[in-house]
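Visitor: could you look at this predicted model? Sequence included:
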Amino acid sequence: MSDYLLEVKDLSIIYATEDGVVQALTGANLKLRQGETLGLVGETGAGKTTLARGIMRLIPNPPGKIVSGQILFDGKDLLGLSIKEMRKYRGRQISMIFQDPMTSLNPVMTVGDQIREVVVTHHPEMSRQEAKKHAENMMEMVGITATRYGDYPHQFSGGMKQRVVIAIALAGEPRLLIADEPTTALDVTIQAQVLEMIHALKRKSNTAMLLITHDLGVVAQNCDSVAIIYAGEIVEYGSLRQVYKNVLHPYTEGLFGSVPSLETNARRLAAIEGMMPDPTALPKGCKFVDRCKYATDRCRKEQPQLLELEDGHKVRCFRHEDREVKGNG
């Protein structure tokens, strides 16, 4: 058996649209152990949610298609499962907190019944009363009193709705939790509360978590390892300490440079110049070439591979070839 609960190997996903084929994800590789948290960081449109939905086998087809790769969960390739078999994994083994709680909840069902529905689906041996009690316990666990079981989503604030979504995600007691920007729509104080709650619940159940975000501060507080994704490719990957103490990729450098500092008196935030390339017409060489201050002619002609350095830190950039241990695709 593998040491890893989740292994994503060379995963590529496309979307066939009227404007052309969108290369949403290209050759992604990730590993995650039981109880660990991996932060997936990148700007809007980088491929974070596509990767998450790929793991859940929720890529809409058409227009989406997984064209290559493996998704090994506890050694089992999820891409080889039938739709019926995959349903046994969703919610019970792998669960996802979707990005917007406002649209994730059914407006005509009580929040309690929405949580109970998950419990019944994954624990058919439970009686109706036992399932309701479990749902009430889940509500209490995320900080909502069980007396609100019969309330509807419109009666909850944004932060409370997000708590309900988390309760639904955790009701099946999954081994892997995918959290897709779980605090995007919340104010800073509620963000901190929700993240602390997710972290505490994860610790209690030894759940592995893939945390998708664009917030480097959130990653620093919650993650063991970090993957930086740009234009559908993972460009830097390592432990939290490796990535935060020794930034290797120019894109990662730009992300850190755009974070405001309390120690520096600046009138404007530093931004990464330019825009991400059109995913239907990606450049021949490095995807970051038009925004990179270190770009050379080689960068425009050749596509860099993900290099693994001596300490296991990985980077997709020609500047570090002299430190490479082995190519890793």
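Guide: Looks like it came in fine.
Visitor: off-centre distance for the helix or strand hosting Lys31?
Guide: Element membership for Lys31, per DSSP states H and E: strand 20-32. Distance, stretch centre to chain centre, for strand 20-32: 13 Å (C-alpha atoms, centre = their mean, to the nearest Å).
Visitor: contact partners of it?
Guide: Strand 20-32 has contacts (C-beta atoms under 8 Å, 6 or more residues apart in numbering) with 4-16, 38, 40, 47, 50-51, 54, 64, 68-69, 176, 208, 210, 225, 227, 229, 232-234, 237, 279-282, 306, 328-329. For the C-beta atoms, the positions are set from N, CA and C on the backbone; glycine is no exception.
Visitor: quick check: mean pLDDT across the top helix by length along the chain?
Guide: Ranked by residue count and defined by DSSP state H, the top helix of the chain is helix 188-205. Across helix 188-205, the average pLDDT comes to 80.
Visitor: export it as PDB, just CAs?
Guide: Output of helix 188-205 as PDB, limited to C-alpha atoms (Å, rounded to 0.1, in the frame of the first residue of the first chain):
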ATOM      1  CA  VAL A 188     -12.300  38.700   7.700                       C
ATOM      2  CA  THR A 189     -13.500  37.900  11.300                       C
ATOM      3  CA  ILE A 190     -15.900  35.200  10.100                       C
ATOM      4  CA  GLN A 191     -13.200  33.900   7.700                       C
ATOM      5  CA  ALA A 192     -10.900  33.300  10.700                       C
ATOM      6  CA  GLN A 193     -13.700  31.500  12.700                       C
ATOM      7  CA  VAL A 194     -14.600  29.200   9.800                       C
ATOM      8  CA  LEU A 195     -11.000  28.300   9.100                       C
ATOM      9  CA  GLU A 196     -10.300  27.600  12.700                       C
ATOM     10  CA  MET A 197     -13.400  25.400  12.900                       C
ATOM     11  CA  ILE A 198     -12.400  23.500   9.700                       C
ATOM     12  CA  HIS A 199      -8.900  23.000  11.200                       C
ATOM     13  CA  ALA A 200     -10.300  21.800  14.600                       C
ATOM     14  CA  LEU A 201     -12.700  19.300  12.900                       C
ATOM     15  CA  LYS A 202      -9.900  18.100  10.600                       C
ATOM     16  CA  ARG A 203      -7.600  17.500  13.600                       C
ATOM     17  CA  LYS A 204     -10.300  15.700  15.500                       C
ATOM     18  CA  SER A 205     -11.000  13.200  12.600                       C
END
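Visitor: tell me what it is packed against?
Guide: Helix 188-205 sits against helix 158-170, strand 176-180, helix 216-222, with contacts defined as 3 or more C-beta pairs under 8 Å, 6 or more residues apart in numbering; DSSP states H and E.
Visitor: using CSV, please lay out these together with mean neighbour count.
Guide: Listed next are the helices and strands packed on helix 188-205 as CSV, based on neighbours: other C-beta atoms under 10 Å:
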stretch, mean neighbour count
helix 158-170, 23
strand 176-180, 23
helix 216-222, 17
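Visitor: quick one, which of the ones you listed is nearest to His313?
Guide: helix 216-222 (15.8 Å; C-beta to C-beta).
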